[in-house]
Structure formats: structure tokens, C-alpha cells
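>>> mind folding the following:
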Amino acid sequence: MVSEKLSALKDEMLKAVEAASSLADLEAAEIRFLGRKGELTAVLRSLGDLPESERRELGRMANEVKMEGERRIAAARERLSASAASSVADSERVDVTEPGTRPPEGHLHLVTHAIREITAIFERIGFVRTREPEVEWDWYAFESLNMPPDHPARDEWETFFMDAPVHPKWGKMILTPHATSGTARILASEKPPIRAINIAKTYRRQIDVTHVPMFHQFDGVYVDKDVSLAHLIGVLDYFAKEYFGPERRARLRPHHFRFTEPSFEFDISCGVCNGTGLGPDRQKCRTCKRGWLELGGAGMLHPNVLKAAGLDPKKFSGLAFGWGVERSAVMKSGVQLDDLRVLYKNDMRFLGQF
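Numbers count the residues shown, from 1 in each chain. Predicted structure coming up:
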């Protein structure tokens, strides 16, 4: 009998709802009995073969079974949801008084530290830091610094030339090849006494253990009446002792630069091999080869450079010096870095040490 099936289905459905221990179990019971393909739907489909009087009565019974099932399922869902929320509250309770896990903290790059330290060292003796362009004109980088058109530094294998129109006065546009172009700008815009240091990004087509295509240079200039070679030696010796430490040795070697006369190379005893010229394997030091590392150039400003800036070389004299920030940083005691390129590999294992 259909009425007996409905009664048995109701009892079975209510037992399944009461027995559900989770929302997933309850959903399975709802689908089984009241779903579109559920057991109640199957019974209702069989009513079409019965006389109309029986069909009406059994339809009423089936509707009561459905309504009772939906009411019980709703009550069970509310109960199980509350129970689940309570369980989550117990298992995922947060102790707000317990110290949290600190997120990873970044810090300034080794090169940034070096720039700030170099700036502070020179500020203590009256040098003012300036920041000159990263994209420069040929005139400031070469012409004003007494470099003729056939100078090797103006070759495209040394300098990055920009694909831009040639300026009628300033010449070709280039990526700044050395911070000395900033010195040319300072001399042209300031009046003596001048005591300034330009720290800037520079670009050259070189890459090996002691060179990278983009690096930082600092270039200092001091112009006044009666500036002498003694001032230059004093400034460089002061910097070497302040930055590298009193135990490190520095030296000047005669050299030739177009924008200074006389000119010198400035060397520091190698911080990787402690000036021995030998690496850990007793072979030649990979960084210096001979115990000394060239940091950069220095000298007294050439009269032609002063003239290009509109200064009278008979009235004023000046000194200039400049070299790489990265090279200075890796030569500092305790750094022990034998490959400049590592600075820009973004390796957190390396950067985290500083």
C-alpha cells in the first residue's frame, strides 16, 4: 500500500535526520529522501496510476511527510551548525596575550650603507653632497673634462650612447660614464670656494669580478685659492683611515688623466687577502692579484677644466678624486667579498649577512 510506504519512509527519514552527526551527513539524508531524485519523489510519481480519490488523500499525506522532513532538517541544521562553530572556537582559540611571530624584516643594501657612510665622512670636513643626472651630455662627460673627440673613453665599446638627437651645444646624449661629469656641472654652476662630492649611478660596458655595468661612484672636488697637492694627500689619507680603518694601508701612484695634472691612482691594501696577494689556496688573490686594489683616480684639476667652467686657473686651483662605491665597500675590513657581481644578484643568503 502507498500509505504504508509513506509512513515507513517518514519514520526512516526522521531516524536518518536524528542520526546525522555532521552537516555533511544531514545533507546526504536530505538528498536521499527529499531530493529531486529522492525516495519521496519516487512515491509521488507512482500516484498517477491510482484513482483520483486515493490520489488526493495520498498527495496530502506525502505533502505532510515532506513538510515534517523539512522542519526536522532545518532544526537539525541549526543544531549542527552551532555545534560546529563551538568546536572551531575551542580548537582555534587565539591567545591574544601570546607574542606573535615577527614577519621578516628588510634592511638597507650594503651599497646604500656605504653611500651614507662615505657621505658622512666627507661632510665632517666640509664637503656638501650633490646628486647629478644619470643621463648626461657628451660635453659634461668628456669635452669639459679636457677629453678630445678621439679619446678611448668616448668609444661606443666603453660608453652607452643614447638613441637621441645630438644637441647643438652639448653633443650626444649618453648614460653617465663617471661621476666626474657631475664635477664639471658643479664647477660651471658654483663659485669658489667649492667643496662638494657627487655620488651617482654610472654606467660602463664592463663586467667581471671587479666591474659591473651599473655601479656607483663618488667624485669630490675642492676649488679655492692656493689649493695644493698637500690638501689632496690629506683628504685621501683622512678618508682611507676613516672608512677602511687605521690598520689599512693606502698609496698614490703617478698616472695620467685628462682632467687632472698631476694625476694619481689611489690604491688600498686588499681586504680579501690582507695585502698578501695570495688567496686561501695560496694562489694569486682573485680580487687584487698583487696585494693592492686600485680604488680610483685623483689629482689637481687641469687648467683647461677650470677654463671650461669659466674659472681663472691663475687665480684658482683645485683638487679632484673619485672612485667606485661598490669597490670601496668590498674592500672594507670584514666584508671578504671577492666578486663585485654578487652585490646585485639579489641573493637573500648573501644580503642577509649585512
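>>> the strands in the stretch 201-350 of the chain, which residues?
Using DSSP state E, counting those that start in this stretch, the strands found in the stretch 201-350 of the chain span residues 214-224, 250-257, 260-269, 292-301, 317-324.
>>> who does the longest helix along the chain touch, helix- and strand-wise?
Using DSSP state H to define each element, the chain has its longest helix at helix 52-91. Contacting helix 52-91 under the criterion 3 or more Cβ pairs under 8 Å, 6 or more residues apart in numbering; DSSP states H and E are the following elements: helix 2-19, helix 23-34, helix 39-45. (C-beta placed from N, C-alpha, C; glycine too.)
>>> before we move on, the earlier item: export the strands of the stretch 201-350 of the chain to TSV and tack on mean pLDDT, distance to Gly182 and mean neighbour count?
Formatted as TSV, the entries for the strands of the stretch 201-350 of the chain read as follows, by pLDDT from 0 to 100; distance: least, Cβ to Cβ, whole Å; neighbours: other Cβ atoms under 10 Å:
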stretch	mean pLDDT	distance to Gly182	mean neighbour count
strand 214-224	92	6	22
strand 250-257	88	16	14
strand 260-269	89	15	20
strand 292-301	88	14	21
strand 317-324	91	9	24
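>>> turn those strands into CSV, columns for distance to Met173.
What follows is these, written out as CSV (distance: least, Cβ to Cβ, whole Å):
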stretch, distance to Met173
strand 214-224, 17
strand 250-257, 24
strand 260-269, 26
strand 292-301, 25
strand 317-324, 22
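>>> out of those strands, nearest to Glu18?
Using Cβ to Cβ as the measure, strand 214-224 is the one of these that comes nearest Glu18, at 74.1 Å.
>>> Arg129: what's it in contact with?
Contact analysis of Arg129 by Cβ atoms under 8 Å, 6 or more residues apart in numbering lists 119, 122-123, 196-199.
>>> can I assume it sits in a helix?
No - membership of Arg129 in a helix is not supported by DSSP: H, G, I helix; E, B strand; the rest coil, which gives strand.
>>> ok, what's across the strand from it?
In this structure, Arg129 has the following beta-bridge partners (DSSP bridges): Ile197.
>>> so where's the stretch 1-150 of the chain shaky on pLDDT?
With pLDDT under 70 as the threshold, the stretch 1-150 of the chain has low-confidence stretches at 1-2, 47-50, 53, 85-93.
>>> out of the helices and strands packed on helix 52-91, which comes closest to Gly324?
Ranking the helices and strands packed on helix 52-91 by their distance to Gly324 (criterion: Cβ to Cβ) puts helix 23-34 first, at 66.8 Å.
>>> just to revisit the earlier point, can I get the contacts of Arg129 in CSV with neighbour count?
Below are these laid out as CSV (neighbours: other Cβ atoms under 10 Å):
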residue, neighbour count
Thr119, 16
Phe122, 22
Glu123, 12
Ala196, 21
Ile197, 24
Asn198, 25
Ile199, 23
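>>> picking up where we left off before, tell me which of the helices and strands packed on helix 52-91 sits nearest to Gly220.
Across these, Gly220 has its closest neighbour in helix 23-34 (74.5 Å, Cβ to Cβ).
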